[in-house]
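Novice: next input, structure requested:
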Amino acid sequence: MTENKKRRVAITGLGAVTPLGLDAPASFQAALDGVCGIAPITQYDTTGRKVTLAAEVKGFDAAAVLGKREAKHIDRFTQLALAAAAEAVRDSGLDLAHEDTWRAGVSVSSGIGGIDTIETEHTRGEERGFDRISPHFVPMVICNMAAGPIAIAHGLHGICTCPVTACAGGAMAVGDAFRQIRDGYADIMLCGGAEASITPLGIGGFTAMKALTESADPNRASIPFDAERSGFVMGEGAGILVLEELEHAKARGAHIYAELAGYGANCDAYHVTAPAPDGTGAAACMRQALADAGVAPAEVSYINAHGTSTQLNDSAEAAAIRAVFGENTPPVSSTKSMTGHLLGAAGAVEAVFTTLTVERDMLPPTLNYRKADPACQLDVVPNRARAARADVALSNSLGFGGHNAVLVFRKYQA
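Specialist: Alright, predicted model coming up:
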């Protein structure tokens, strides 16, 4: 630790591979354009299955991006993470060969890890014997195998960690990285999340617990805050941000998208999957994040909601937002209406989107919103992006187990 005071944290690089695009700018522009990334599942045969839709990453060629040999021995979630991290580093303009890499680290989440590899190798084990499965099995499936390979690829010797907190993981990875820099333990962090769980077992598990919509209409499947919502749509992808200590970024003339100004994290301690119905945990987390940033509720211009399109989540989150902001509730939208729910990558991709919202003063919409729900009385930026000043924005992430995480983004001012 170099000094006992809080330091400002800049966002200087963005990378994303999502159902909306193969990089961060394309993904965010598609969100502004109201592109729906939800379609029939192509990664396996859904004949006879209740759930037939997902938000898949389309056109991603891992061998072309990473090389055929490397791509062969890593799970899809790691492939997506490495691609997003490479983009974020390029975008940042960092020359890591001339940085103190012992003060540069990684914080990247995954909620489930290499589930596709688990399924493939289990089948192989039953056919050939379990002593003959791939020797790469374990390092392909464990959740930290997005974070570790990113550190290896970029030679980063600082802390390398992987918060596994379900749907809050991506946001927590960003928040934890923010604290590493703010409190003086690091100068540079690559942070975010990656997930690739559109598999028979992954979809089947969430189907069995009645969490996924069984709608066959992509335009009425992921409909956050809509009265007719019936469950979430599984998505996949990765989002990575480069965070830097502000003076470090300024000294090298980096482009600063925005500042990450605050972070809150807590737990409902209520139920293993359901949120507290009155939203008390989420509300407390938003207040904690605002206090951490030194921001009053009235200063917030926009909230990127967790907004999963489940009955319980959306009503509880709406209650939490109203409890914190009251009559001054800002516009609130859920980009999961377009990307689906990326689980451990959700908060990371939404952090990328919220960063660009703050930089560009453009609020992405809640797509396919038709029928208002009295339990979700919010301005959800329905169906069309909105030009609006966004000096301060929040991104909410709420996960199974009661995990809550809130990030506060602020427009950069020198």
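
Novice: surely residue 271 is within a helix?
Specialist: No. Read with DSSP: H, G, I helix; E, B strand; the rest coil, residue 271 is coil and lies in no helix.

Novice: quick one: the closest residue to it other than its chain neighbours from residue 140, how far?
Specialist: Among residues not flanking residue 271 along the chain, residue 402 sits closest, at 6.9 Å (CB to CB, 6 or more residues apart in numbering). In this view, the C-beta of every residue, glycine as well, is placed from N, C-alpha and C. Distance, residue 402 to residue 140, using CB to CB, to the nearest Å: 30 Å.

Novice: repeat for residue 319
Specialist: Going from residue 319 to residue 140 by CB to CB gives 41 Å.

Novice: over to residue 60?
Specialist: 17 Å.

Novice: residue 75 too?
Specialist: Using CB to CB, residue 75 is found at 5 Å from residue 140.

Novice: name the residues contacting each of these two.
Specialist: 114, 117 (CB atoms under 8 Å, 6 or more residues apart in numbering).

Novice: so those two - more neighbours on which side?
Specialist: A side-by-side neighbour count of residue 75 and residue 140, using other CB atoms under 10 Å, places residue 75 first with 26 against 22.

Novice: identify the residues contacting that one.
Specialist: Neighbours of residue 75 in contact, by CB under 8 Å, 6+ apart: 113-114, 116-117, 140-141, 145, 196.

Novice: show me where this structure has strands.
Specialist: Using DSSP state E, the strands of the chain run over 9-17, 39-40, 53-54, 104-109, 160-161, 188-195, 237-245, 258-267, 302-304, 332-333, 362-363, 386-387, 392-399, 403-410.

Novice: partners of the second one in the sheet?
Specialist: Right, strand 39-40. Strand pairing for strand 39-40, using DSSP bridges, gives strand 53-54 (antiparallel).

Novice: tell me which residues are up against the partner strand.
Specialist: 38-41, 43, 198, 203, 213, 215-216, 218, 221, 233-236, 340.

Novice: which of those residues are buried?
Specialist: 38-39, 41, 43, 198, 203, 213, 215, 218, 221, 233-236, 340 (16 or more other CB atoms under 10 Å).

Novice: out of the residues you listed, which one sits closest to residue 22?
Specialist: Closest approach between the buried ones among the contacts of strand 53-54 and residue 22, by CB to CB: residue 236, at 12.6 Å.

Novice: contacts only, for the nearest residue to the closest one once chain neighbours are set aside.
Specialist: Leaving aside its chain neighbours, residue 236 sits nearest to residue 196 (4.7 Å; criterion: CB to CB, 6+ apart). Going by CB under 8 Å, 6+ apart, residue 196 touches 75-77, 79-80, 114-116, 236.

Novice: for residue 196, give its distance to residue 8.
Specialist: 34 Å.

Novice: what are the structural domain limits within the chain?
Specialist: Taking automatic domain parsing as the domain assignment, the ranges for the chain are 10-251, 260-410.

Novice: mean pLDDT added to those, as JSON lines?
Specialist: Formatted as JSON lines, the domains of the chain follow (pLDDT from 0 to 100):
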{"stretch": "domain 10-251", "mean pLDDT": "97"}
{"stretch": "domain 260-410", "mean pLDDT": "97"}
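
Novice: compute the inter-axis angle for the longest helix seen in the chain and strand 188-195.
Specialist: Criterion DSSP state H: the longest helix present in the chain is helix 76-92. Calculated by axes from the mean of the first three to the mean of the last three CA atoms, to 10 degrees, helix 76-92 forms an angle of 150 degrees with strand 188-195.

Novice: run the chain-centre distance for helix 76-92.
Specialist: Relative to its chain's centre, helix 76-92 lies at 14 Å (CA atoms, centre = their mean, to the nearest Å).

Novice: what about the helices in the stretch 51-200 of the chain?
Specialist: 62-66, 68-72, 76-92, 115-128, 137-141, 147-154, 169-182, 200-208 (DSSP state H, counting those that start in this stretch).

Novice: contacting residues for residue 402?
Specialist: Contact partners of residue 402, counting by CB under 8 Å, 6+ apart, are 267-272, 275-276, 281.
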